[in-house]
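K.L.:
got a predicted structure plus its sequence, pasted below:
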Amino acid sequence: MNAPGLEAVADILSDAVTGRVTPGAVVQTGTSSAPLWTMAAGHQTYAADAALVTPATVYDLASLTKVLATGALAMRHAAAGTLPLDAVVADRLPQFATQPRITVTDLLEHAAGLSAHRQLYLEVAGRAGYLARIAAQPFAYEPRAHHEYSDLGFILLGLLLEDAGGAGLATQFDQFVGEAVGEVEIGYGTSAAWRTRVAPTAVSPWRERMLAGAVHDDNAAALGGIAGHAGLFGTAGAAGALARWYLSLWLGRTAASAGVPSAMAVRFARRRDVPGSSRALGWDTMLPTSSCGSKLSPRAIGHTGFTGASLWLDPDRDLYVVCLTNRVHPANGGDGIKAVRVAVHDAIFGDR
């Protein structure tokens, strides 16, 4: 990326901070083989004495969990045959025996008929409570008739993956990361060593406190902070390492890694056939209205997170962009981050 392009990104981030879209941000871009650059802007909060954001700042990755953790583990288990993509949910979770027949693929595509979001944390807690409550809910639509982005579906995927692996999501994810990219700063929850580097999110009315190092999503909190839809924390560099891992598999430059063959990565990145849906398996795909702007190739995939995180990968340019913010601080914020994301990606991809 040339100097004018870098200057444009710096200006966009500076304007986002001064305009109080977000207290701070970190952007990293790179290829399948290496990061190209990392840029930090702003502070962890709006307080006068707040710590500066640096490339080492840790963010709540929110729904990036769906692709970086749940999607990655789903690829591993699908390849191993321990949780095939055509596995029927009711065969694994008998609580769904009287519900419409849905599969792991349906859940990954957000096309299983489940409602988008429910404040189940006000009613239940833990695996058993969530499983019973989700199974008891009437389906919102006929499975595969269309798609509706659903946290509930990915909560179920997390439970299925725990059963398939005989271990908790955090344990399985840590093992996967170690095999895939080695020691990087990403995982469920926050370690003591990270605490001063974690960007706070927002006040949770339910928990009656500002969240700093505790998962922002209340349903994930009620599940112990470890869930299929949210719960990951990490740095832009760590998310970038996983982006490089995926791109290398997707482009066939690595035949297999961490139990995932190249063909499986390609399969997960392919848009599916649900009417009106832009979804692949876990990932979203490129549309003119996407959060990644208008300059990525049609094969690009990505995902966003409510806290202000995003990740997009473009195989035709062999390029990824991680953008982490805490735009929800201090009270869940507005939607100005949408324009910031588009501007950042247009500046980066318009230069290539």
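P.N.:
Perfect, thanks for sending it.
K.L.:
give the contact list for the residue most central in space within the chain.
P.N.:
For the chain, Leu64 is the residue whose C-alpha lies nearest the centre (CA atoms, centre = their mean; 0.8 Å). Going by CB atoms under 8 Å, 6 or more residues apart in numbering, Leu64 touches 232, 239, 303-305, 309-311. No exception for glycine: its C-beta is placed from N, CA and C like everyone else's.
K.L.:
any chance of the residues you listed in a markdown table, with pLDDT and distance to Asp218 too?
P.N.:
Shown next, in a markdown table, are these (pLDDT from 0 to 100; distance: CB to CB, whole Å):
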| residue | pLDDT | distance to Asp218 |
| --- | --- | --- |
| Leu232 | 98 | 16 |
| Ala239 | 98 | 23 |
| His303 | 97 | 20 |
| Thr304 | 97 | 19 |
| Gly305 | 97 | 15 |
| Ala309 | 98 | 17 |
| Ser310 | 98 | 21 |
| Leu311 | 98 | 23 |
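K.L.:
from those residues, which is closest to Thr45?
P.N.:
Ala309 (17.0 Å; CB to CB).
K.L.:
so what's the closest one up against?
P.N.:
59-64, 239, 323-325.
K.L.:
strands - which of those land there?
P.N.:
Judged by DSSP state E, the contacts of Ala309 include 59-60, 323-325 as members of strands.
K.L.:
list just the nearest of these to Phe173.
P.N.:
Using CB to CB, the ones in strands among the contacts of Ala309 come closest to Phe173 at Asp60, 15.4 Å.
K.L.:
the closest one pairs with what?
P.N.:
Beta bridges link Asp60 to Phe233 when assigned by DSSP bridges.
K.L.:
how much space between it and Gly308?
P.N.:
9 Å (CB to CB, to the nearest Å).
K.L.:
who touches both of these two?
P.N.:
By CB under 8 Å, 6+ apart, the residues touching both Asp60 and Gly308 are Asn326.
K.L.:
these two: which has the busier surroundings?
P.N.:
Asp60 (33 against 30; other CB atoms under 10 Å).
K.L.:
pretty sure Val328 sits against Asp335.
P.N.:
No: using CB atoms under 8 Å as the test, Val328 is too far from Asp335 to be in contact (10.9 Å).
K.L.:
most surrounded residue in the ones in strands among the contacts of Ala309?
P.N.:
Asp60 (33 neighbours).
K.L.:
which ones are touching that residue?
P.N.:
198-199, 201, 211, 215-216, 232-233, 305, 307, 309, 326.
K.L.:
now do His110
P.N.:
His110 touches 147-150, 153, 277, 279, counting by CB under 8 Å, 6+ apart.
K.L.:
which ones among those residues map onto helices?
P.N.:
Among the contacts of His110, the ones falling in helices (DSSP state H) are Gly153.
K.L.:
looking at the contacts of His110, spot the one nearest Ala128.
P.N.:
Gly153 (18.4 Å).
K.L.:
distance-wise, check that closest one relative to Asp91.
P.N.:
On the measure of CB to CB, Gly153 and Asp91 end up 17 Å apart.
K.L.:
and these two? which has more neighbours close in?
P.N.:
Legend: neighbour count by other CB under 10 Å for Gly153 and Asp91, higher for Gly153 (28 against 11).
K.L.:
what about the residue lying closest to the more buried one once chain neighbours are set aside, which SS state?
P.N.:
Leaving out its chain neighbours, the residue that sits closest to Gly153 by CB to CB, 6 or more residues apart in numbering is Leu107, at 4.3 Å. Secondary structure, DSSP: H, G, I helix; E, B strand; the rest coil: Leu107 is helix.
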